[in-house]
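Colleague: Need the 3D shape of this:
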Amino acid sequence: MSEKICDVKDCKNESYQTVPADLASKVFTFDSKLTKVHLCREHYKKYKKETKKEREVRRADWV
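Modeller: Next comes the predicted model:
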C-alpha cells in the first residue's frame, strides 16, 4: 500500500488525517479541486485551530 502525501501546496510530509476540502481550503491552498484532502500532523493541528467554529456549527446541524 502506497503512503499518502499531504495535499497542502509545497508539503511533502506523510498524511495523518483526511478532512473535507471545503473547510481546509479556508486555511490552506491546494494544487487541485478535491472533495477531501490529506493533511500531515502539523497541518491538521493548524486546520483544527483555524476551523473550530465552523466545525461546531456543522455538528450542531446533525442533531
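Colleague: Is residue 20 bridged to anything, and to what?
Modeller: On the basis of DSSP bridges, residue 20 is bridged to residue 36.
Colleague: any idea how far it is from residue 5?
Modeller: Distance, residue 20 to residue 5, by CB to CB, to the nearest Å: 18 Å. Quick note: C-beta positions are derived from backbone N, CA and C, even for glycine.
Colleague: next one: residue 35
Modeller: On the measure of CB to CB, residue 35 and residue 5 end up 17 Å apart.
Colleague: Which one's more surrounded, these two?
Modeller: Each of residue 35 and residue 5 has its neighbours counted (other CB atoms under 10 Å); residue 5 has more, 13 against 7.
Colleague: for the more buried one, what are its contacts?
Modeller: If a contact means CB atoms under 8 Å, 6 or more residues apart in numbering, then residue 5 has 11, 12, 13, 14, 15, 38 as its contacts.
Colleague: Highest neighbour count among these?
Modeller: residue 38 (21 neighbours).
Colleague: residues in contact with the helix or strand bottoming out on mean pLDDT in the chain?
Modeller: Least confident helix or strand, the chain: helix 52-60 with a mean of 85, by mean pLDDT, DSSP states H and E. Applying CB under 8 Å, 6+ apart, the contact partners of helix 52-60 are 23, 26, 48.
Colleague: Same question for stretch 31-47.
Modeller: Contacts for stretch 31-47 (CB under 8 Å, 6+ apart): 4-9, 11, 13-21, 23-24, 27-28, 30.
Colleague: try 10 Å this time
Modeller: 4-28, 30, 48, 55 (CB atoms under 10 Å, 6 or more residues apart in numbering).
Colleague: So which of the contacts of residue 5 are in strands?
Modeller: Counting by DSSP state E, these place residue 38 in strands.
Colleague: Please identify which pair of the contacts of residue 5 lies farthest apart.
Modeller: 12 and 38 (12.0 Å; CB to CB).
Colleague: Tell me the residues that contact both of these two, please.
Modeller: 5, 6.
Colleague: related to what we said a few turns ago, okay if I get the contacts of helix 52-60 as CSV plus neighbour count?
Modeller: Output for the contacts of helix 52-60, formatted as CSV (neighbours: other CB atoms under 10 Å):
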residue, neighbour count
23, 15
26, 11
48, 14
